[in-house]
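1. just the structure for this:
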Amino acid sequence: MTESTASNTSQPQFTTEDGRQVAAGVQRMTPSESFVETLVSHGVTDIFGIMGSAFMDAMDIFAPAGIQLIPVVHEQGAGHMADGYSRASGRHGVVIGQNGPGISNCVTAIAAAYWAHSPVVVVTPEAGTMGMGLGGFQETNQLPMFEEFTKYQAHVNNPRRMAELTGRAFDRAMSEMGPTQLNIPRDHFYGDIEAEIPRPSRLDRGPGGERSLEEAARLLAEAEFPVIISGGGVVMGDAVEQCKALAERLGAPVVNSYQHNDSFPASHPLWCGPLGYQGSKAGMKLLAQADVVVALGTRLGPFGTLPQYGMEYWPKDAKIIQIDADHRMLGLVKKIEVGICGDAGAAAQSLVQRLDGRDLVCEQTRARRSATVQAEKDAWEKELDGWIHETDPYSIDMIAEQDGEDGSWLHPRQVLRELEKALPERVMVSTDIGNINSIAHSYLRFEEPRSFFAPMSFGNCGYALPTIIGAKLAAPERPAVAYAGDGAWGMSMGEIMTAVRHDIPVTAVVFHNRQWGAEKKNQVDFYDRRFVAGELESESFAGIAQAMGADGVIVDRLEDVGPALSKAVEAQMNEGRTTVIEVMTTRELGDPFRRDALSKPVRHLDKYRDYV
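-> Predicted coordinates for the structure are as follows:
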């Protein structure tokens, strides 16, 4: 940022990296002006939310500050859009709403952003200070709502601290790698104050401690079968190239941590696919052979380490080197040999330098390991090609039943394979939670980071569509595609109106299988197919999309899946059109999220005796 004095004013200003002017030094202004000027200093150009009187004085000057408010259908959607915007751009995402219900609507989305480590700032205008505690209109205590899901909470207790606390909320979102809350009593936007707009502060993260790095290098030099797990920290730290350099030095296969399929390029010969639920068997089988594991930028969350496909793939005797920028994650889930608190890219680069010139035990097995990697990958691809449908008894029954119904019903796995083939270069994909969306993990491969957005550990429905809208606004030059099941789609499809109203074109693929698939699978496995509240008959989602001003397409033939996606993406990129592709799929069900989540039912009362 540079100092300057505008020609039409005597007030000192500095210039931001995007060329906007911000008040410099101590000046007289209103709290609204100090709030908005601080947003500008942090490069904010887009805010998601719904307008409200609580912050209208500040909103009134968004436009001359170079900021646009994107009005949404529901504030949860706004929070997800801010999350997607942040994950696609690496910058802040910002969400705002009316005090009370507008703010409480954001809680689920901020929780999802928390588990994605997204630097989202939720601005929460609050009821006025003179009315708090009197049970007034739209009054509630807004700080406790977000306490579990934010890295920092700022409450503007005095208008003169508006710029200070606004700047701190934005700085902490970046330094703590997660959401922060800025809570502002609505009367604190007004008045005359003397304020100075703070400059943004950014941490320069290092590789970690000297001792731990040297110990990690020693372990790697002695390893016979090292494996790298590339996690979200690699994406957030723009560290893919450093991860590649370490993998190539060791000849080590690289697996993606759960729901981070974009943390290593799929075309690289050492890429082996994602771990965890509905991930890559090749990656899991290779990890099982490791004697040293480098967990690079990952907390090793449960879904990426629990058994899958009946395999206990986590190597019990392997030495674990865990690298994470948050020291609290080191050794939290798995016992580790070495913990390195540092930036993923800087740590990987340091390890490569420390291994330079050393004799590596794994050099002696490089050719054999390379052949093993390729063989496992070939076997997995062959299995995926032949995995036309699920083969459990329930799914077979459903396939037979739907063969007798009117209409054509497609197998989800076949659809996902065809979608995979048709996805364009540089595509960004968001997935919702649910059975088919989780199966999609096996079929989503990417060449660059900031391409895959999933709801992570919070696992909330209604995530995919608004998140991809936010990502598209941040990266309009990239194709943007959302996957959703019909249950999750019902929670978020109203945001199609947001995409249409504000010319943010996206493509959504809705798997219409007329059920809550993930939970229904539990009723199959544990409750003898006694289905309660699992069915979702509905009107055509393609028709609903057309009513909202988008294009809607129904696909019920396998040969039409790829062409439908290609045509929709072309309309998105060349014509600015949003399209909903409704794919009619069978009611077959994949594996459950985890088999230890429920227990077989026990009944003691006579009237429930048959319910086992």
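
2. low-confidence bits of this protein, can you list those?
-> For the chain, the stretches flagged by pLDDT under 70 are 1-9, 403-407.

3. what's the single longest helix in it?
-> Once the chain is assigned using DSSP state H, the helix that runs over the most residues is helix 366-386.

4. list the buried ones in that one?
-> Within helix 366-386, the residues scored as buried using 16 or more other Cβ atoms under 10 Å are R369, T372, V373, E376, K377, W380, L384. C-beta here means a position set from N, CA and C on the backbone, and glycine is covered the same way.

5. and stretch 475-485, by the same measure?
-> For stretch 475-485, the neighbour count (16+ other Cβ under 10 Å) marks A475, R478, P479, A480, V481, A482, Y483, A484, G485 as buried.

6. from those residues, which ones fall inside strands?
-> Counted as lying in strands by DSSP state E, out of those, are A480, V481, A482, Y483, A484, G485.

7. residues contacting the second one?
-> I take that to be V481. L423, V427, M428, V429, S430, I468, V506, T507, A508, V509, L565, V569 (Cβ atoms under 8 Å, 6 or more residues apart in numbering).

8. buried ones among these?
-> L423, V427, M428, V429, S430, I468, V506, T507, A508, V509, L565, V569.

9. dump these into a markdown table; add distance to N437 and secondary structure as well.
-> What follows is the buried ones among the contacts of V481, written out as a markdown table (distance: Cβ to Cβ, whole Å; DSSP: H, G, I helix; E, B strand; the rest coil):
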| residue | distance to N437 | secondary structure |
| --- | --- | --- |
| L423 | 15 | coil |
| V427 | 16 | coil |
| M428 | 15 | strand |
| V429 | 10 | strand |
| S430 | 10 | strand |
| I468 | 13 | helix |
| V506 | 16 | coil |
| T507 | 15 | strand |
| A508 | 12 | strand |
| V509 | 10 | strand |
| L565 | 16 | helix |
| V569 | 19 | helix |
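
10. closest one of the buried residues of stretch 475-485 to Q153?
-> Nearest to Q153 among these is A475, at 29.6 Å by Cβ to Cβ.

11. hmm, back to that, pull the distance from the longest helix of the chain to the chain's centre.
-> 29 Å (Cα atoms, centre = their mean, to the nearest Å).

12. dump the C-alpha coordinates for it into PDB.
-> Presented in PDB, the C-alpha positions along helix 366-386 are these (Å, rounded to 0.1, in the frame of the first residue of the first chain):
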ATOM      1  CA  ARG A 366      12.100 -46.900  -6.000                       C
ATOM      2  CA  ALA A 367      11.500 -49.000  -9.100                       C
ATOM      3  CA  ARG A 368       9.600 -51.700  -7.100                       C
ATOM      4  CA  ARG A 369       7.500 -49.100  -5.300                       C
ATOM      5  CA  SER A 370       6.700 -47.300  -8.500                       C
ATOM      6  CA  ALA A 371       5.500 -50.600 -10.100                       C
ATOM      7  CA  THR A 372       3.400 -51.300  -7.000                       C
ATOM      8  CA  VAL A 373       1.800 -47.800  -7.100                       C
ATOM      9  CA  GLN A 374       0.900 -48.200 -10.800                       C
ATOM     10  CA  ALA A 375      -0.500 -51.700 -10.300                       C
ATOM     11  CA  GLU A 376      -2.700 -50.600  -7.400                       C
ATOM     12  CA  LYS A 377      -4.000 -47.600  -9.400                       C
ATOM     13  CA  ASP A 378      -4.700 -49.700 -12.500                       C
ATOM     14  CA  ALA A 379      -6.600 -52.300 -10.400                       C
ATOM     15  CA  TRP A 380      -8.700 -49.600  -8.800                       C
ATOM     16  CA  GLU A 381      -9.500 -47.900 -12.100                       C
ATOM     17  CA  LYS A 382     -10.500 -51.300 -13.500                       C
ATOM     18  CA  GLU A 383     -12.700 -51.900 -10.500                       C
ATOM     19  CA  LEU A 384     -14.400 -48.500 -10.800                       C
ATOM     20  CA  ASP A 385     -15.000 -49.200 -14.500                       C
ATOM     21  CA  GLY A 386     -16.700 -52.500 -13.700                       C
END
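
13. check which helices and strands it sits against.
-> strand 271-274, helix 281-287, helix 412-422 (3 or more Cβ pairs under 8 Å, 6 or more residues apart in numbering; DSSP states H and E).

14. pull the residues that contact the shortest one.
-> In other words, strand 271-274. Under Cβ under 8 Å, 6+ apart, the answer for strand 271-274 is 253-261, 264-266, 279-280, 282-283, 286, 304, 373, 376-377, 380, 441-442, 445.

15. the longest one now?
-> When contacts are taken as Cβ under 8 Å, 6+ apart, the neighbours of helix 412-422 outside the stretch itself are 384-385, 387-390, 436, 439-440, 442-445, 483, 509, 511, 513, 558, 561-563, 565-566, 583, 585-586, 588, 590.

16. separate out the buried members of these.
-> By 16+ other Cβ under 10 Å, these give 384, 390, 436, 439-440, 442-445, 483, 509, 511, 513, 561-562, 565, 583, 585-586, 588, 590 as buried.

17. from those residues, which ones fall inside helices?
-> Per DSSP H, the subset of the buried ones among the contacts of helix 412-422 in helices is L384, I436, I439, V561, G562, L565.

18. residues in contact with the last one?
-> Pointing back at L565 there. Taking Cβ under 8 Å, 6+ apart, one finds L419, A422, L423, V481, T507, V509, I581 in contact with L565.
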